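Participant: Okay, structure incoming, though there's no sequence with it:
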């Protein structure tokens, strides 16, 4: 049995290299296709890169919102999509506080980070590069898991406020 895991994000360490996007798309698609990556890096404004992926919310609003029960949580805490059941309605996207799920470009079905079956490739490449912006956390480690997903612009505003103070965020 696999153990519960999740991906911690240290936003200040993200360089915006997008290796995570490439590793994810290569793992899931067999080629570099960032548009189909389950992790996305956004730059809401210059100098702030925000890795954006499923946070495995404690209450899983995306799973609860699915009218056809196409989403379920596995033992790693990943949200899995049953593509045969998914009708592409987008309710999971609307229910997610960070609007993380997206409709896959080829079939219009919901797509969410599946934690690569317990071995997240985005974390591997981020750590191999020495950035450590994405880190694997295992159940029982002394790290707060009471998180929920947030939209990249919200995260960027908070980072800017911490880095530059209120005067630096007046144009946001």
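Facilitator: Received it, and whenever you're ready, just let me know what you need. Keep in mind the model is a prediction, meaning the values are calculated, not measured.
Participant: quick one: low-confidence parts of the protein?
Facilitator: 1, 142-147, 167-172 (pLDDT under 70).
Participant: Quick check, central residue of it?
Facilitator: With distances taken as CA atoms, centre = their mean, the chain has residue 53 as the residue nearest its mean C-alpha position (0.6 Å).
Participant: packing partners for the lengthiest helix in the chain?
Facilitator: Looking across the chain with DSSP state H, the single longest helix is helix 152-164. Judged by 3 or more CB pairs under 8 Å, 6 or more residues apart in numbering; DSSP states H and E, helix 152-164 is in contact with strand 40-45, strand 48-52. C-beta coordinates here come from the backbone N, C-alpha and C atoms, glycine included.
Participant: quick one: which of these is nearest residue 11?
Facilitator: Nearest of these to residue 11, taken as CB to CB: strand 48-52 at 6.0 Å.
Participant: Distance from the helix or strand just after the closest one to the middle of the chain?
Facilitator: Downstream of strand 48-52, the first helix or strand assigned by DSSP states H and E is helix 61-65. Centre-to-centre, helix 61-65 and its host chain are 16 Å apart (CA atoms, centre = their mean, to the nearest Å).
Participant: now do stretch 34-48
Facilitator: 10 Å.
Participant: cool, stretch 154-171 as well?
Facilitator: With CA atoms, centre = their mean, you get 22 Å for stretch 154-171.
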